[in-house]
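Enquirer: structure of the sequence below:
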Amino acid sequence: MRSTFKVLFFLKRDKQKANGNVPLFCRITVDGQEARFGMKCDVNPKFWDVKTGRATGRTSDAVKANALVDNTQAALFKVYREVQERDNYVTAEKIKNVFLGHEQKQHTLLALFDDHNSERKLHIGISICKHTHFKYRICRRYLGDFIVDKYNLTDIPIKEVSKQFIIDFEIWLLTKNYSKNYIVCMLKRLRYIIGIALNKELITKNPFNEHKLQWQKTDRGFLTQSEIEALMDCQFEEERLEKIRDIFIFCTFTGLAYTDVRHLTSENIQTSVDGNLWIKGRRKKTDTEYNIPLLNIPKAILEKYKGKTSGEMILPVISIEKYNKALKIVAKLCGIEKNMSSHLARHTFATYTLTKGVSIESVSKMLGHTKITTTQIYARITDNKIGNEMNVFARNVKKMEAKLQTVKEININDVLKTLKISTSKISDKVWETLTIKVWNKITNFERQLFVSDLDSKDNKPKTISDLYIELIDYYFDNLNNQNIIENTSGIELLNAVNF
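Expert: Residues are numbered from 1 along each chain as shown. The predicted model follows:
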């Protein structure tokens with residue numbers, strides 16, 4: 001980078017000594033900024049020419065002073081050229097320090113980046129994941145290529161990272177056909193490194209204060225109910241692809257991100273206050289707590305792989321790269337034209353639960369979000385509230401659950417036996433007949449849900465008449481829910497959701 005460079009020699013007249021001589025000083029100016037130092041030489045002000053910056057006369061003192069001036073000026077110009085070629089960043093203070101032998105260690109951008117990456121590598125699996133470290137390595141590589149292309153240098157001083165540098169780097173990434181949001185992701189890595197430089201007081205100003213990062217709004221997409229069913233119905237010749245499908249479906253009905261499923265253990269499956277199984281844990285990405293009721297579909301998948309995984313893992317999760325690559329094959333085999341990736345399952349969960357009546361607050365809580373971006377409201381929802389709303393969701397997906405499991409025929413006599421309800425009295429026969437008629441009108445899967453609801457209640461029916469009342473209420477409630485669902489199109493459901 002070009003800069004203006006001047007050297008001036010002058011007398012420090014306010015420091016006149018007893019013999020009348022005055023100390024000789026040198027002033028360096030680069031781009032209007034100055035640095036000065038004493039020459040360790042005294043000159044009689046009577047024999048000093050201010051315009052030329054040299055001593056006059058032929059005395060030995062004058063010759064000595066002028067030789068010092070000439071040698072210093074030549075040396076300073078040499079230092080200036082060397083620093084400019086080496087660092088591409090010149091300041092008056094830097095030239096002064098180099099000349100006087102006081103040069104401090106030059107802190108450069110890529111060297112600082114390398115130090116960070118080496119240090120964080122030791123934290124993989126502790127405070128960061130391997131994929132996060134990989135992103136920093138990629139950003140460092142891009143920066144190295146950019147600095148070579150733009151400045152023909154192998155590195156630049158950290159002080160030279162300006163707003164214009166960031167803009168140029170962003171434009172350079174755009175020329176490589178990377179998406180806007182991917183570029184923002186890379187710039188966030190660079191911003192983090194700049195933050196380290198600020199904390200170490202290597203720089204005094206953050207160039208990102210003048211350059212805001214803006215994400216581009218995109219349609220993240222989700223799978224429709226028919227596409228989810230196509231996934232669940234598909235038969236795979238390769239067991240590997242079946243496992244990939246099952247993991248994706250598990251995430252679709254729990255909302256868990258890939259890394260959280262990969263680290264899922266039996267300790268995360270807990271019985272909540274409502275007596276049902278929940279998935280409880282903290283997100284690896286944000287360390288935010290999540291609590292998710294375990295529905296029958298993901299529960300069936302857990303049972304399917306029980307005792308078939310290695311270590312503490314309860315699901316056969318492979319690496320993210322292989323997983324995403326295999327999902328493309330799964331989508332093609334199932335006739336799904338959408339770009340399937342690990343995070344699509346999470347988006348599908350959010351969209352599907354919202355369209356099926358679960359509140360946005362509960363969805364946010366289950367996803368482990370710290371805020372609801374669409375409403376800008378922070379949510380603290382109890383497990384009881386989520387459990388009630390997820391019961392609605394469970395009933396809405398009951399047909400899909402039947403695809404993953406074969407349910408044993410539930411007999412009304414078995415229910416009576418479990419509840420310890422006697423029908424020995426003559427008056428009980430009428431109620432028993434009515435109960436059987438209603439029982440025969442509902443599907444076996446609906447019977448299972450009814451029994452499941454009874455199990456979760458504190459006050460269970462104690463007589464056949466009590467059971468009939470519970471059953472007839474369930475029958476009409478279920479009938480109303482079916483009418484609502486069957487008379488509402490998918491488009492209407494989506495339009496009813498305020499994203």
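Enquirer: pLDDT at residue 107, what is it?
Expert: Residue-level confidence at residue 107 comes out at 84, pLDDT.
Enquirer: hmm, it is touching residue 201, no?
Expert: No. Taking contact to mean C-beta atoms under 8 Å, the distance of 10.3 Å between residue 107 and residue 201 leaves them out of contact. Every C-beta, even on glycine, is put in place using the N, C-alpha and C of the backbone.
Enquirer: out of these two, which sits in the busier spot?
Expert: Using other C-beta atoms under 10 Å, the more surrounded residue of residue 107 and residue 201 is residue 107, with 15 against 7.
Enquirer: got the contact list for the more buried one?
Expert: Residues touching residue 107, when contacts are defined by C-beta atoms under 8 Å, 6 or more residues apart in numbering, comprise 157-159, 197, 202.
Enquirer: again, 10 Å this time
Expert: Residue 107 makes contact with 115, 157-159, 197, 200, 202-203, according to C-beta atoms under 10 Å, 6 or more residues apart in numbering.
Enquirer: over to residue 335?
Expert: Under the criterion of C-beta under 10 Å, 6+ apart, the neighbours of residue 335 are 227, 230-231, 234.
Enquirer: what about it, distance to residue 229?
Expert: 11 Å (C-beta to C-beta, to the nearest Å).
Enquirer: same deal with residue 83?
Expert: Residue 83 sits 68 Å away from residue 229, going by C-beta to C-beta.
Enquirer: ok, these two, which is more surrounded?
Expert: residue 83 (20 against 15).
Enquirer: downstream of the helix or strand containing that one, the next helix or strand is which one?
Expert: Assigned by DSSP states H and E, residue 83 belongs to helix 60-87. Going down the chain from helix 60-87, the next helix or strand is helix 92-100, by DSSP H and E.
Enquirer: and that following helix, how far from the chain's centre?
Expert: A distance of 44 Å separates the C-alpha centroid of helix 92-100 from that of its chain, computed with C-alpha atoms, centre = their mean, to the nearest Å.
Enquirer: and stretch 234-254, by the same measure?
Expert: If you compare the mean C-alpha spot of stretch 234-254 with that of the full chain, they lie 25 Å apart, counting by C-alpha atoms, centre = their mean.
Enquirer: export it to CSV, keeping only CA atoms.
Expert: This file holds the C-alpha atoms of stretch 234-254, laid out as CSV (Å, rounded to 0.1, in the frame of the first residue of the first chain):
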residue,chain,number,x,y,z
CYS,A,234,-40.2,-47.3,1.5
GLN,A,235,-38.5,-50.7,1.6
PHE,A,236,-34.7,-50.6,1.2
GLU,A,237,-32.5,-53.3,0.0
GLU,A,238,-29.5,-51.9,1.9
GLU,A,239,-29.7,-52.0,5.7
ARG,A,240,-27.5,-48.9,5.7
LEU,A,241,-30.2,-46.8,4.0
GLU,A,242,-32.9,-48.1,6.3
LYS,A,243,-30.9,-46.9,9.3
ILE,A,244,-30.5,-43.5,7.6
ARG,A,245,-34.2,-43.3,7.0
ASP,A,246,-35.0,-44.3,10.6
ILE,A,247,-32.6,-41.6,12.0
PHE,A,248,-34.2,-39.0,9.8
ILE,A,249,-37.8,-40.0,10.9
PHE,A,250,-36.7,-40.0,14.5
CYS,A,251,-35.5,-36.4,14.1
THR,A,252,-38.7,-35.5,12.3
PHE,A,253,-40.8,-36.5,15.3
THR,A,254,-38.5,-35.2,18.0
